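> Requesting a structural model of the entry that follows:
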Amino acid sequence: MIIVIDAYNMLRSVPPHGRKVTENERQQFLNQLAAYAKKKGHKLVVVFDAGPYEWPHKERYKGIYTIYSGVKRSADDYIKEYLEKQKTGDLLLASSDHDLILWAQQFDIPSIGSFHFYQLVQEAIKPGMQADPEGEGELIKLRQTADEVDALMKEASEVVPIKSEDLVFRNRKSAKQKSSKKERALLKKLKKL
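Have a look, this model is predicted:
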């Protein structure tokens, strides 16, 4: 699976990062994503705004593709173009940007919110326990039961905006009926994460 990551959107949505991301934080983030990609076998395309050059610049960093959109365009523009070109592939968008999520939906590309995807990365690279993301020093449980995983997957699927016609279909569906093809495809992708 190819996971397209809106890098600064993700970095700014997880503690301790804020509006300004340092070079050290960016490097740690890339190292974590590289460890995740290696462990899970996914291809990661990490897109940052700006960069050292006027036009888009691509690098391969520890097995992940790092792209800087350049001064002339935004990471969002680059991601939109990439999703449109690769729409027939096995893609997942990792972003909380509403505009990007709607763009991906046009091509039936599922998405997951930045914070939720980052949690999955943390869980995958540090099995067992991890420091509390709120920074209070407590340890939180990362190994989950099947029910907890189901709840996490349901929460992740709620990040994807639902079309009104899908909502009507869901309301008519009885508990015994199967999920839609689209829902099953999203769950299949989420299980791969």
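> Isn't residue 40 up against residue 191?
No. Residue 40 sits out of contact with residue 191 when judged by C-beta atoms under 8 Å, with a separation of 11.5 Å. Placement of C-beta: from N, CA and C, glycine included.
> Neighbour count: these two, which is higher?
Each of residue 40 and residue 191 has its neighbours counted (other C-beta atoms under 10 Å); residue 40 has more, 16 against 9.
> In the chain, what residue spans correspond to helices?
Here the chain has its helices, by DSSP state H, at 7-11, 23-40, 75-85, 98-106, 114-125, 146-157, 164-172, 181-192.
> Which of those comes out lowest on mean pLDDT?
For these, mean pLDDT drops lowest on helix 164-172, to a mean of 44.
> quick revisit: deepest-packed of the helices of the chain, please.
With neighbours taken as mean count of other C-beta atoms under 10 Å, these reach their highest mean count in helix 7-11, at a mean of 22.
> Send me it as PDB with only the CA atoms.
Written as PDB, here are the backbone C-alpha positions of helix 7-11 (Å, rounded to 0.1, in the frame of the first residue of the first chain):
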ATOM      1  CA  ALA A   7       3.700  16.000   6.600                       C
ATOM      2  CA  TYR A   8       3.300  19.400   8.200                       C
ATOM      3  CA  ASN A   9      -0.400  18.800   8.800                       C
ATOM      4  CA  MET A  10       0.600  15.700  10.700                       C
ATOM      5  CA  LEU A  11       3.500  17.200  12.600                       C
END
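> Next, the residues that contact it from outside, please.
For helix 7-11, the external contacting residues (C-beta atoms under 8 Å, 6 or more residues apart in numbering) are 17, 21, 25-26, 29, 46-49, 75, 94-97, 114-115, 117-118.
> Same question for stretch 91-111.
If you take C-beta under 8 Å, 6+ apart as the criterion, stretch 91-111 is touched by 1-6, 9-10, 13, 76, 79-80, 83-84, 87, 112-115, 117, 159-161, 163, 182, 185-186, 189, 193.
> One more pass at 7 Å, please.
Here stretch 91-111 makes contact (C-beta atoms under 7 Å, 6 or more residues apart in numbering) with 1-6, 9-10, 13, 76, 79-80, 83-84, 87, 112-115, 117, 159-161, 185-186, 189.
> mind checking the end-to-end distance for that stretch?
Terminal residues of stretch 91-111 are spaced 9 Å apart (C-alpha to C-alpha, to the nearest Å).
> about what we covered before: nearest to residue 68, out of the helices of the chain?
Between residue 68 and the helices of the chain, the tightest spacing by C-beta to C-beta is seen for helix 75-85, at 8.4 Å.
> circling back to that earlier point, need the helices of the chain in a markdown table (columns: distance to residue 67).
Formatted as a markdown table, the helices of the chain follow (distance: least, C-beta to C-beta, whole Å):
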| stretch | distance to residue 67 |
| --- | --- |
| helix 7-11 | 9 |
| helix 23-40 | 12 |
| helix 75-85 | 6 |
| helix 98-106 | 15 |
| helix 114-125 | 17 |
| helix 146-157 | 24 |
| helix 164-172 | 32 |
| helix 181-192 | 22 |
